[in-house]
Structure formats: C-alpha cells, structure tokens
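Return a 3D structure for these sequence lines:
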Amino acid sequence: MLEKNSMAGSLESNDILVELFHDHKGRSIDLESPVKEQFGDEIISVVNEVLDQYGIDDVLVILKDKGALNYTIKARLKTAIARGQK
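As a prediction, this is how the structure comes out:
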C-alpha cells in the first residue's frame, strides 16, 4: 500500500520516469513513449506484474518512457513503490 506520491527514474535516453499517485481509486496506467505502438502492451504488462506482486490496486501510474528495457522499468517502479511506502 502506498502512503504518499512518489517517483523514480529520469527522462534520459534508455530510461523511464515513473510517477505514482496514491490517492487514486482503482489502477490506471498512462504511458507516454516513442515506442508505444510496438511495445506499449509489453510495458503495461510489466507494470501490472510488479503492482500485482506488491498488492497495489489503487494507484495512478504515469510513465514517461525513453526506450527503457524491461529490467529498467521494473527497477524504477520498485524504487518508486519503496519511496511511496516510507
């Protein structure tokens, strides 16, 4: 469960900026990415997988992707979750 809004990552090439907003009802994911057409479903699937692992259902996730690979997406999201739980 998130206790506060948080973020992790950057807008640098091959990275992703993840913003989490805890005061949201339900789970919403907003993705901005130059590769959204090709990889948008995969990126959202990775995010949902991590959120499921942490049992987070009420969150607005804003993703600003700059070509991040799956392991980077997971790392940034897990960091944002940890920051939002403190």
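
give me the number of residues near the nearest residue to Ser10 once chain neighbours are set aside?
Nearest residue to Ser10 in three dimensions, chain neighbours excluded: Leu17, at 6.0 Å (C-beta to C-beta, 6 or more residues apart in numbering). Where you see a C-beta, it was placed from the backbone N, CA and C, and this is true even at glycine. Around Leu17 there are 19 other residues, counting by other C-beta atoms under 10 Å.

surely Leu17 meets Leu63?
Yes: under the criterion of C-beta atoms under 8 Å, Leu17 makes contact with Leu63 at 7.3 Å.

which of the residues in the helix ranked longest in the chain are buried?
Taking DSSP state H as the criterion, the chain has its longest helix at helix 36-54. Judged by neighbour count (16 or more other C-beta atoms under 10 Å), helix 36-54 contains these buried residues: 39-40, 43-44, 46-47, 50-51, 54.

Show me what it is packed against.
Applying 3 or more C-beta pairs under 8 Å, 6 or more residues apart in numbering; DSSP states H and E, one finds that helix 36-54 contacts strand 27-32, strand 59-65, helix 70-85.

Good, wrapping up.
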